[in-house]
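S.K.: Predicted model and sequence follow; I will ask about them next.
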Amino acid sequence: SQTIHQWPATLVQPVGSPLSLECTVEGTSNPNLYWYRQAAGRGLQLLFYSVGIGQISSEVPQNLSASRPQDRQFILSSKKLLLSDSGFYLCAWSVRTGTDTYEQYFGPGTRLTVT
Amino acid sequence: GQNIDQPTEMTATEGAIVQINCTYQTSGFNGLFWYQQHAGEAPTFLSYNVLDGLEEKGRFSSFLSRSKGYSYLLLKELQMKDSASYLCAVSAKSGGSYIPTFGRGTSLIVHP
């Protein structure tokens, strides 16, 4: 079966510090991968998605970047964190289950607090 | 752009039935997701509707009307553990991929 891992689970970082969040998927190949952010009391915001190695699409311009160095690895980074970067970061992957149907599953998430 | 609307909060009684509505406006629509999210946890996949009609999975059912831009999640025999936020997400074509866009979620409170 497929599983998705994220780490760390929680993180407290000072403003201006760098960030690296990692996500890996097991039990599938060539998944579509996604990074979302959920700020307190708000909906899920899609940050990046990737359909393959080295292929990254950005949905929201900001000081974050993403990379996909391997098929089942997705990394979210920042060179200098802002207070507004605080939130719950979720990695997700999707799999096609039919001609037009698919399912999307989330990792456990990383709760980031920028101080 | 996409516009997804769902009620902010609903309350219901244990053992009852509750229907959570979601309306949307989008181009390139493919399907609609429903997720359950307990406080402090990641969302859990419930359903993905592509075709019009009702799909049933145990106590949870999801309905879609593509022509009306409307979906609902039906929860039967409510239990206290069903207290959670329920997220509606529309999957629409963007470039060569289908990208989910989420509504703000409906917080369901189940009372004894």
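M.R.: Nice, I can see it.
S.K.: centroid residue for chain A?
M.R.: Centroid-nearest residue in chain A, with C-alpha atoms, centre = their mean: A:W35, separated by 2.7 Å.
S.K.: residues in contact with the most far-flung residue of chain A relative to its centre?
M.R.: Distance from the C-alpha centroid of chain A, by C-alpha atoms, centre = their mean, peaks at A:T99 (26.0 Å). If you count contacts by C-beta atoms under 8 Å, 6 or more residues apart in numbering or on different chains, A:T99 has none. C-beta coordinates here come from the backbone N, C-alpha and C atoms, glycine included.
S.K.: so how many other residues sit close to residue 38?
M.R.: Looking at chain A here, since you left the chain open. When counting by other C-beta atoms under 10 Å in any protein chain shown, one arrives at 21 neighbours for A:Q38.
S.K.: oops, I was thinking of chain B
M.R.: If we define neighbours as other C-beta under 10 Å, then B:H38 has 13 of them.
S.K.: Wait, it touches B:A84, no?
M.R.: Yes - the pair B:H38 and B:A84 qualifies as a contact (C-beta atoms under 8 Å) at a distance of 4.7 Å.
S.K.: List the backbone torsions phi and psi for the closest residue to A:I4 other than its chain neighbours.
M.R.: Residue nearest to A:I4 in three dimensions, not counting chain neighbours: A:G107, with 4.1 Å by C-beta to C-beta, 6 or more residues apart in numbering or on different chains. The phi and psi values for A:G107, taken as degrees, to the nearest 10, are phi -80, psi 180.
S.K.: burial measure for A:G107, as a count.
M.R.: Other residues within reach of A:G107 by the criterion other C-beta under 10 Å amount to 23.
S.K.: same check, this time on the one 4 residues further on
M.R.: As a burial measure, A:R111 scores 16 neighbours (other C-beta under 10 Å).
S.K.: Do you have the strands of chain B handy? List them.
M.R.: Using DSSP state E, the strands of chain B run over B:3-5, B:9-13, B:18-25, B:29-37, B:44-49, B:53-57, B:60-65, B:70-75, B:84-94, B:97-102, B:106-111.
S.K.: quick one: which of the ones you listed is nearest A:A39?
M.R.: Nearest of the strands of chain B to A:A39, taken as C-beta to C-beta: strand B:97-102 at 12.4 Å.
S.K.: Which of the residues in that closest one are classified as buried?
M.R.: B:Y98, B:I99, B:P100, B:T101, B:F102 (16 or more other C-beta atoms under 10 Å in any protein chain shown).
S.K.: Check stretch B:47-59 too.
M.R.: For stretch B:47-59, by 16+ other C-beta under 10 Å, it's B:S47, B:Y48, B:N49, B:V50.
S.K.: Look up phi and psi at the residue nearest to the centre of chain A.
M.R.: Backbone torsions for A:W35, taken as degrees, to the nearest 10, come to phi -120, psi 130.
S.K.: Ok, B:P7 next?
M.R.: phi -60, psi 150.
S.K.: list the helices and strands the lowest-mean-pLDDT helix or strand in chain B packs on?
M.R.: Across the helices and strands of chain B, mean pLDDT, DSSP states H and E gives its lowest value to strand B:97-102, namely a mean of 85. Other elements packing on strand B:97-102 under the criterion 3 or more C-beta pairs under 8 Å, 6 or more residues apart in numbering or on different chains; DSSP states H and E are strand A:32-38, strand A:44-52, strand B:29-37, strand B:84-94.
S.K.: Turn those strands into a markdown table, including mean pLDDT.
M.R.: A markdown table is the format used below for these (pLDDT from 0 to 100):
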| stretch | mean pLDDT |
| --- | --- |
| strand A:32-38 | 94 |
| strand A:44-52 | 92 |
| strand B:29-37 | 95 |
| strand B:84-94 | 92 |
